[in-house]
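Student: coords please:
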Amino acid sequence: MRFVTCRLPDGVEDPAILSPDGTQIWPLSWLGLSYETLSDAIPFLTPQVRAGLQLAIAGIPALPVDAVQLQSPIPCPAQDVVCLGINYMAHSDEAEKYSADAFATKHQDAIYFSKRVSRAVPDGGFIEAHTDLVQKLDYECELAVVLGKDARDVPAGQTKDYVFGYTILNDVSARDVQTAHKQWYFGKSLDGFTPIGPCIVTADEFDTYPPKMGIRSFVNGEKRQDSNTGLQIFDIDHVIHELTQGMTLKAGTIIATGTPAGVGMGMDPPQFLKPGDTVRCEIDGIGSLTNTVR
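Tutor: Numbering: from 1, shown residues only. Sure, this is the predicted structure:
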């Protein structure tokens, strides 16, 4: 099942179900579920509830998707996005070549950082260039995991039931700000730096766990990244297990699982984004997320 947040014709934002072909929606409020945000709804959207919703929408007229404005599925995350750095070996190589001081690692432990999101950028929305602060703007196509229930001290091998679904996240990065400050928080968290979308696809839509999906990005139509999430150094099971040892991850938490090789700083010479450039991120089974820099 696919979930989105949409702005209805009356201006109200409502979480909704998206049809598999992406052409129709059913606002949850039409189905008797009154939640202000999808984050609020996620803990209650259990497999049993979703099965009931699937039956219910078969008898209810839908809204055409063109009648609403799709927002990021979780427009305003309740907490910072949890991110993994240097989680594909080929990306590790290109990042270390760009700046060994900033990115060198022996891969003994996962690299975690957080990304502040005042409001996520939807599919079709704009990446802000911040040209007054940033001269080295970069993209990172990532698989993002959305937790379905609170997680604490989850054993390895038992994390699957905590995953609600998956979406695409572009971890837009100001490389000059990121490397200048050593800690990556500021260079990752400027307004307009977190496109998320186009929807959340529930975990039961995928045959394997952790899922192995093709992941790609394009800049102005040119393929830049082309890999598979099965090549992650630290997989989703490892990450959820490790992060919940002594720390509670709340339902609705978003975990961005790292980017493969092919980012702008890894090119020779580096090629950074500029206003007018369009970035398209794709992950098999989820869809595509397209944003233009302004």
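
Student: what sits up against stretch 236-253?
Tutor: 38-40, 42-43, 74, 77-79, 82, 84, 110, 112, 145-157, 159-160, 162-164, 209-210, 234, 255, 257 (C-beta atoms under 8 Å, 6 or more residues apart in numbering). Where C-beta positions appear, they are placed from N, C-alpha and C, glycine not excepted.

Student: of the residues you listed, which belong to helices?
Tutor: Among those, the members falling in helices (DSSP state H) are L38, S39, D40.

Student: and those, which is closest to D176?
Tutor: The nearest member of those to D176, counting by C-beta to C-beta, is S39 at 32.6 Å.

Student: L143 versus A41, what's the distance?
Tutor: According to C-beta to C-beta, to the nearest Å, A41 stands 22 Å off from L143.

Student: those two - which one has more neighbours?
Tutor: Set A41 next to L143 and count neighbours by other C-beta atoms under 10 Å: L143 wins out with 24 against 20.

Student: check what pLDDT the more buried one gets.
Tutor: Listed pLDDT for L143 reads 98.

Student: I figured it was touching I255, is that so?
Tutor: No. Applying C-beta atoms under 8 Å as the test, L143 and I255 come out as separate, 9.2 Å apart.

Student: could you measure Q271 against N220, distance?
Tutor: Q271 is 10 Å from N220, where distance means C-beta to C-beta.

Student: more crowded one of those two?
Tutor: Each of Q271 and N220 has its neighbours counted (other C-beta under 10 Å); Q271 has more, 16 against 12.

Student: mind listing what the more buried one touches?
Tutor: Going by C-beta under 8 Å, 6+ apart, Q271 touches V219, G264.

Student: specify the local secondary structure of it.
Tutor: Q271 falls in the coil class when you classify it by DSSP: H, G, I helix; E, B strand; the rest coil.

Student: what about the helices in the stretch 151-294 of the chain?
Tutor: Listed in chain order, the helices of the stretch 151-294 of the chain (DSSP state H, counting those that start in this stretch) span 175-180, 185-188, 236-243.

Student: quick one: mean pLDDT for the longest one?
Tutor: The average of the pLDDT scores along helix 236-243 is 98.

Student: circling back: redo the ones in helices among the contacts of stretch 236-253 as JSON lines? Include pLDDT, distance to A51 and neighbour count.
Tutor: JSON lines is the format used below for those (pLDDT from 0 to 100; distance: C-beta to C-beta, whole Å; neighbours: other C-beta atoms under 10 Å):
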{"residue": "L38", "pLDDT": "98", "distance to A51": "18", "neighbour count": "25"}
{"residue": "S39", "pLDDT": "97", "distance to A51": "21", "neighbour count": "23"}
{"residue": "D40", "pLDDT": "97", "distance to A51": "20", "neighbour count": "15"}
